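S.K.: Kindly generate the corresponding structure for this input.
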Amino acid sequence: MEATRLTSKYQATVPADVRAALGLKAGDTIAWDVVDGTARVRKVSAIDVLFLKGVEANLAEEWLSAEDMEAFGDL
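M.R.: As a prediction, the model looks like this:
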């Protein structure tokens, strides 16, 4: 088990053994999955990032109209 301490900005250093096991390098994106109170971290592949950006762009175009804001703004 590797342990790190959170800074006042809620940042933590990824231990060297974990970076090596996941093949992480500076600038990589990681994802946090929380299931039943346990957090898992994984490296996000470039295809995942492209997919998420595409979904985000499409949702922004589809769901940010004035009509949508009026209909769903109080949710």
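S.K.: Name the nearest residue to the most centrally placed residue in the chain, sequence neighbours excluded.
M.R.: Residue closest to the average C-alpha location in the chain (CA atoms, centre = their mean): Ala31, at 4.5 Å. Excluding its sequence neighbours, the residue lying closest to Ala31 (CB to CB, 6 or more residues apart in numbering) is Val44, at 4.9 Å. All C-beta spots, glycine's among them, are computed from the backbone N, C-alpha and C.
S.K.: How about the contacts made by the one you found?
M.R.: Asp28, Thr29, Ile30, Ala31 (CB atoms under 8 Å, 6 or more residues apart in numbering).
S.K.: what lines up beside the helix or strand hosting the last one in the sheet?
M.R.: Assigned by DSSP states H and E, Ala31 belongs to strand 30-35. Next to strand 30-35 in the sheet, as set by DSSP bridges, lie strand 38-43 (antiparallel).
S.K.: shaky segments in the chain?
M.R.: 46-50, 53, 58-64 (pLDDT under 70).
S.K.: ok so, going back, so how far is the strand holding Ala31 off the chain centroid?
M.R.: 8 Å (CA atoms, centre = their mean, to the nearest Å).
S.K.: Other residues contacting it?
M.R.: For strand 30-35, contacts defined as CB under 8 Å, 6+ apart pick out Val14, Leu22, Leu24, Ala39, Arg40, Val41, Arg42, Lys43, Val44, Asp48.
S.K.: Let's see that strand as PDB, backbone CA atoms only.
M.R.: Provided in PDB are the C-alpha atoms of strand 30-35 (Å, rounded to 0.1, in the frame of the first residue of the first chain):
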ATOM      1  CA  ILE A  30      -6.400  10.000 -14.500                       C
ATOM      2  CA  ALA A  31      -9.900   9.100 -13.500                       C
ATOM      3  CA  TRP A  32     -11.300   8.400 -10.100                       C
ATOM      4  CA  ASP A  33     -14.000   5.700  -9.700                       C
ATOM      5  CA  VAL A  34     -15.700   5.500  -6.300                       C
ATOM      6  CA  VAL A  35     -17.600   2.300  -5.500                       C
END
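S.K.: Can you point out the buried residues in that strand?
M.R.: By neighbour count on 16 or more other CB atoms under 10 Å, the buried set for strand 30-35 is empty.
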